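Colleague: next input, structure requested:
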Amino acid sequence: MPTPDLADLFAQVDAAQDDIIALEQDLVRIPSVNTGFMPTGNETPVCELARDFLTRDGIPSDIIESSPNRGNLIARVEGRSGNTGLMFMSHTDVVPVEDPNEWRFDPFSATVADGRIFGRGASDCKGLLAVQLMAIRILRRNDIPLRDSLILAAGADEEHGGRYGFGWLADNHPGQLAAPYAVNEGGGVPIPAAGALTYILGVGEKGRLQIEIDVKGTSAHASLPWQGTNALYRLNRALSSIEEYEPDRDTSTGIFDYLSTFAIEHKASPENVDQIIAEVQPENPRFASMLRALSRMTLTPTMVRGGIKSNSVPESIRLTCDVRTLPHQDEEYVRAQIDAVLADIPGVTYEVDYMARPNSSPFESPLASSIRGVTSQALQRGDIQWVPAISNGFTDSRFTRPLGTVTYGFSGSHPDDDPMLNFVHGANESVGIKSLVSGTKIMLGLIVDMLAEK
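Modeller: All right, here's what the predicted structure looks like:
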């Protein structure tokens, strides 16, 4: 049987829209909530659903648990050569729901409304898993022979650092992830640019550190506060200094080489980047926010713990801060920044915990070329522009890049979908049905373009 061309395959994806919706709903309805405190996650049932879905088309997969009920799914679609050519990545855990009353629909109902599917994890990241699974099903049902093999890897624990997911797999089962190229979350959304359709290709990520600042005083009875040293007052000084912190401006990341794509005539520099951002802000606030994040380190207080009783002067306070670094900003640089921020505040010490180091892949590669070509065909657009960007958040890609895998963030969102409606990690998280369809087309096209026998 001749191999269908991409136009025929994309027509099959359109015809399978109801099946794509049903699969996404089934995934979202499993509450695989990761609180960050064990026992948590409940990812194994998601892996079992995906395994059963693949089994119906004769595709083998394994569920590898790093801890009870914390499953990681690894599936392979074998090619003739026996060599792996591409890996699809996603994760199966979701963040908690803070207040269900703020949602239009039950957070795990996967309700369809306004051309979208609502539910926790609908966008982050079960939508990507759904489109990858559907692409594999359509591939198999067309009996398309592969030259090189495809891996599908769906990991646990991405939302709390990956210690039970891709991080654990990279340490304990690196052979299961061995692939020259991979596609993961972290990019693939359109952004307005000078009237043309422009996509962000996620080529890397900022680093993430957690800073634990300990503020010490001396205890006393609250009725005689002068007999002690209130750690809260010292905390107030620390918070004020953090609020006033002005990070170094930096325009060395790749996106600043593509500002002309966005009708920005100035060449960005540390001296003018804030002015460029201010000019962009009124018309394109999302892009302005991206430029701001990618031009500096961020230092953000997030949690405070301290005090033992309402009638006692607090002796000890712990302030937790989130820090996001640019690729060249190492721990020595971060410590120098924190030292300057906390200088002259008595009783203050801190610890640094690296959660994720900055990482990146080259903007040009065979996979990048394939993503461009397949996306153009899937959307029937010949006018797409491409811009590299590093993410201000981190994903599991930081575990595969050190293994030598060129990894891109690209979900294949549809240009008619407003990514601001995804509300990732927020109330009313959702994914556009058009994006599920376009994402399925693009994932299927990548398999055919990168792996199929020619």
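
Colleague: drop to CA atoms for contacts and neighbour counts, all remaining ones
Modeller: Noted.

Colleague: can you map out the strands along the stretch 1-150 of the chain?
Modeller: Secondary structure of the stretch 1-150 of the chain (DSSP state E, counting those that start in this stretch): strands located at 61-65, 71-77, 84-91, 111-113, 116-118, 149-155.

Colleague: report all helices and strands that the last one contacts.
Modeller: So that's strand 149-155. strand 71-77, strand 84-91, helix 433-451 (3 or more CA pairs under 8 Å, 6 or more residues apart in numbering; DSSP states H and E).

Colleague: mean pLDDT, distance to residue 350 and mean neighbour count added to the strands of the stretch 1-150 of the chain, as JSON lines?
Modeller: Formatted as JSON lines, the strands of the stretch 1-150 of the chain follow (pLDDT from 0 to 100; distance: least, CA to CA, whole Å; neighbours: other CA atoms under 10 Å):
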{"stretch": "strand 61-65", "mean pLDDT": "98", "distance to residue 350": "35", "mean neighbour count": "19"}
{"stretch": "strand 71-77", "mean pLDDT": "98", "distance to residue 350": "35", "mean neighbour count": "22"}
{"stretch": "strand 84-91", "mean pLDDT": "98", "distance to residue 350": "32", "mean neighbour count": "25"}
{"stretch": "strand 111-113", "mean pLDDT": "98", "distance to residue 350": "45", "mean neighbour count": "16"}
{"stretch": "strand 116-118", "mean pLDDT": "98", "distance to residue 350": "41", "mean neighbour count": "26"}
{"stretch": "strand 149-155", "mean pLDDT": "98", "distance to residue 350": "32", "mean neighbour count": "26"}
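
Colleague: could you export those as JSON lines, including distance to residue 263?
Modeller: Formatted as JSON lines, these follow (distance: least, CA to CA, whole Å):
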{"stretch": "strand 61-65", "distance to residue 263": "47"}
{"stretch": "strand 71-77", "distance to residue 263": "43"}
{"stretch": "strand 84-91", "distance to residue 263": "34"}
{"stretch": "strand 111-113", "distance to residue 263": "36"}
{"stretch": "strand 116-118", "distance to residue 263": "32"}
{"stretch": "strand 149-155", "distance to residue 263": "39"}
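
Colleague: nearest to residue 319, of those strands?
Modeller: Of all those, strand 84-91 sits nearest to residue 319, with 30.0 Å by CA to CA.

Colleague: same for that closest one, what does it pack against?
Modeller: helix 126-141, strand 149-155, strand 181-184, helix 433-451.

Colleague: dump stretch 146-157 to CSV, keeping only the CA atoms.
Modeller: Output of stretch 146-157 as CSV, limited to C-alpha atoms (Å, rounded to 0.1, in the frame of the first residue of the first chain):
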residue,chain,number,x,y,z
LEU,A,146,9.6,3.8,9.6
ARG,A,147,13.3,3.8,8.9
ASP,A,148,14.2,5.0,12.4
SER,A,149,12.4,4.4,15.7
LEU,A,150,10.2,6.8,17.7
ILE,A,151,10.1,7.0,21.5
LEU,A,152,7.1,8.3,23.4
ALA,A,153,8.1,9.3,26.9
ALA,A,154,5.6,10.7,29.4
GLY,A,155,7.2,11.5,32.7
ALA,A,156,6.0,12.0,36.3
ASP,A,157,6.8,14.9,38.6
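
Colleague: and it, how far out from the chain's middle?
Modeller: 18 Å (CA atoms, centre = their mean, to the nearest Å).

Colleague: lowest average confidence, helix or strand, in the chain?
Modeller: strand 190-193 (a mean of 82; mean pLDDT, DSSP states H and E).

Colleague: show me what the helix or strand just after it is packed against.
Modeller: Proceeding N to C from strand 190-193, the next assigned helix or strand is strand 196-205, under DSSP states H and E. Counting contacts by 3+ CA pairs under 8 Å, 6+ apart, strand 196-205 is packed against strand 190-193, strand 359-360, strand 385-391, strand 406-409.

Colleague: report all helices and strands that the helix or strand that comes right after the second one contacts.
Modeller: Okay, so that is strand 359-360. Going down the chain from strand 359-360, the next helix or strand is helix 366-379, by DSSP H and E. Packed against helix 366-379 by the contact rule (3+ CA pairs under 8 Å, 6+ apart) you find helix 433-451.

Colleague: contact partners of the least confident helix or strand of the chain?
Modeller: 197-200, 261-263, 284, 287, 413-415 (CA atoms under 8 Å, 6 or more residues apart in numbering).

Colleague: could you export the helices and strands packed on strand 149-155 as a markdown table, including distance to residue 257?
Modeller: Output for the helices and strands packed on strand 149-155, formatted as a markdown table (distance: least, CA to CA, whole Å):
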| stretch | distance to residue 257 |
| --- | --- |
| strand 71-77 | 38 |
| strand 84-91 | 28 |
| helix 433-451 | 27 |
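
Colleague: that's all I had, so thanks and see you.
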